[in-house]
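Visitor: build the 3D model from these lines:
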Amino acid sequence: MGEGADRPRAGIVVTGSELLTGAISDANGPWLARRLADLGFEVAHVVSAGDRPDDLVRALEFLAGAGVALIVTSGGLGPTADDLTAEVVAGFAGVELEPDEAMRARIEEILADWGARTGFAGPALDEATRKQALVPRGATALAPVGTAPGLVVDRPGGPLVVVLPGPPRELQGMWPAAMAAPAVATMLATVPPANARLLRFFGLPESEIAATLREVPLDLSGVEVGTCLRRSELEVDLRPRPGAEAVAEQLAALIVERHARNLVSAVGATVDELVAQALLDRGLTVATGESCTGGLLAGRLVDRAGSSAYVAGGVVAYSNEAKTALLGVPAAMIAAHGAVSPEVARALADGARERFGADVGVGITGVAGPGGGTAAKPVGYVCFCVTTSDGTVLARDPQLRGSRADVRERSVDTAMHLILRAVAPRGA
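Guide: Below is the predicted model:
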């Protein structure tokens, strides 16, 4: 909805033949698209190009023809023969490459220790350093995060081109410097703020949002609405054109009111962020007893920095014997109800909480598939239980759809939301 005509357009070129062969997945394109959208650009195209000069030239010319004000490239910077982005962008801007002696000294300093330690110091390393220190005339060179510098190239008549390295750690590390470069900062000063609103829901299908959009008594022509299912959460992204901010706020309020039962966050916070904050705020700890998820929930909980303040520990109790020996699940209970049962999920939660002295215990047991299902307990049937030291008990036993990997991942998603309900109940 809305063409975003009042926002400057941006394009992204991700380079590397390994992306086109499927050897690796592109992590940079989505990351860059989100950052550019958050800055207020309309991201018009994300283009993949192999390590061939002609293909990269065509990608740049295509984006220039599409009317973008800014192009961001990733990859193709480095010491090897197929690292040609700097050379191609120089040609695109109509300038020559020239040595940057200050950058060469910086790269030599970075590589000196590595060359001495590995024994690869010598002519090859010297040539690699020389190559990486060639910069298009008039460009701003960005200090390397790895060994390759980035570039900001102001092409006469536009577009402005920001050239970043391919490794995600280096690209993301260089991003602040790229945005602070004089030509980029000047452009950003003219970009209207994004004023985006991100809503998150759990257990809500996209069709419900579509129905709401059809029924709201608002002119939505100035608001771009995007929906995306990520980690079982439905993200509703509202991006107003300049002047339509009030409509976007009204729309957000209507969507939240209509779907309050499924709301996770009205300000874009993820369940992971909310669980961590709730546990920290209340001074609580959590422990896990997992069967079919095999430690995925514990791994998700400790993904966040600082998680040692609220994660007590976890046990992967896959076999029946492990459930009994490690978490105290009575063998008679397993015999009577089966390893996949609400009763065993409760015992896993209580056992984890007691073994680790935690305030919150989580138990998960299920049939991940692809085999092992029965008529009573089909593939995808998973039992969850969250118990707390103050007597809260939350239990669910849905049948989750998808492959074995899907069932396990969706089990972790469900468990995270149950933890959130236990430690940050609605209205609290």
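Visitor: contacts, neighbours, all on C-alpha from now
Guide: Noted.
Visitor: phi, psi of the closest residue to G50 other than its chain neighbours?
Guide: Distances taken as CA to CA, 6 or more residues apart in numbering put S17 closest to G50, at 4.1 Å, once the chain neighbours are dropped. Per-residue torsions, S17: phi -60, psi -30 (degrees, to the nearest 10).
Visitor: same check on F41?
Guide: Backbone torsions of F41, given as degrees, to the nearest 10, read phi -80, psi 150.
Visitor: V152 now?
Guide: phi -120, psi 120.
Visitor: helix, strand, or coil at the residue lying closest to it once chain neighbours are set aside?
Guide: Nearest-residue entry for V152: V162, 4.6 Å, with adjacent residues in sequence omitted and distances by CA to CA, 6+ apart. When classified by DSSP: H, G, I helix; E, B strand; the rest coil, V162 comes out as strand.
Visitor: pretty sure V162 sits against V153.
Guide: Yes - counting by CA atoms under 8 Å, V162 does reach V153; the two are 6.4 Å apart.
Visitor: and the next helix or strand past the helix or strand where A185 lies?
Guide: Applying DSSP states H and E as the criterion places A185 in helix 182-188. Using DSSP H and E, the helix or strand that follows helix 182-188 in sequence is strand 197-202.
Visitor: pLDDT below threshold where in the protein?
Guide: Counting by pLDDT under 70, the chain has low-confidence residues at 1-5, 81, 114-122, 124-125, 426-428.
Visitor: which one's the longest helix in it?
Guide: Looking across the chain with DSSP state H, the single longest helix is helix 404-423.
Visitor: quick one: buried residues of that helix?
Guide: 404, 407-420, 422-423 (16 or more other CA atoms under 10 Å).
Visitor: can you show me the strands along the stretch 301-428 of the chain?
Guide: Using DSSP state E, counting those that start in this stretch, the strands of the stretch 301-428 of the chain run over 311-316, 360-366, 382-388, 393-396.
Visitor: can you list the strands that the last one pairs with?
Guide: Sheet pairing here is set by DSSP bridges, and for strand 393-396 it gives strand 382-388 (antiparallel).
Visitor: for the residue nearest to T85 when sequence neighbours are not counted, list the residues it contacts.
Guide: Spatially, and ignoring its direct neighbours in sequence, T85 is nearest to G76 (5.0 Å; CA to CA, 6+ apart). With contact set as CA atoms under 8 Å, 6 or more residues apart in numbering, G76 has these partners: T15, G16, D51, D82, D83, L84, T85, A86, P165, G166.
Visitor: near the nearest residue to the fourth one once chain neighbours are set aside, how many other residues are there?
Guide: The shortest distance from D82 to any residue other than its chain neighbours is 5.9 Å, reached at D51 (CA to CA, 6+ apart). For D51, the count of nearby residues is 20 (other CA atoms under 10 Å).
Visitor: then F92?
Guide: For F92, the count of nearby residues is 18 (other CA under 10 Å).
Visitor: that one touches V57, doesn't it?
Guide: Yes - counting by CA under 8 Å, F92 does reach V57; the two are 7.0 Å apart.
Visitor: rewinding a little: next one: phi and psi at the residue nearest to D82?
Guide: The phi/psi pair for D51 (degrees, to the nearest 10) reads phi -80, psi 60.
Visitor: wait, it touches L19, no?
Guide: No - contact criterion CA under 8 Å: D51 and L19 do not qualify, at 9.9 Å.
Visitor: in the stretch 251-400 of the chain, which spans are helices?
Guide: Along the stretch 251-400 of the chain, the segments classed as helices by DSSP state H, counting those that start in this stretch run 271-282, 296-302, 320-327, 331-337, 342-356.
Visitor: the longest one packs against which elements?
Guide: Here helix 342-356 touches strand 286-290, strand 311-316, helix 320-327, helix 331-337, strand 360-366, strand 382-388, strand 393-396, going by 3 or more CA pairs under 8 Å, 6 or more residues apart in numbering; DSSP states H and E.
Visitor: also the third one?
Guide: Applying 3+ CA pairs under 8 Å, 6+ apart, we find helix 320-327 packed against helix 331-337, helix 342-356.
Visitor: could you dump the shortest one to CSV, C-alpha only?
Guide: Extracted as CSV, the C-alpha positions of helix 331-337 are listed here (Å, rounded to 0.1, in the frame of the first residue of the first chain):
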residue,chain,number,x,y,z
ALA,A,331,9.1,-44.9,35.8
ALA,A,332,5.6,-45.8,36.8
MET,A,333,4.3,-42.5,35.4
ILE,A,334,6.0,-43.2,32.0
ALA,A,335,4.7,-46.7,32.0
ALA,A,336,1.1,-45.5,32.7
HIS,A,337,1.0,-42.4,30.5
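Visitor: what does it contact?
Guide: N320, E321, T324, E343, V344.
Visitor: ok, now stretch 194-211?
Guide: With CA under 8 Å, 6+ apart as the test, stretch 194-211 has contacts from 37-41, 227, 232-240, 245, 248-249, 252, 255-256, 262-270.
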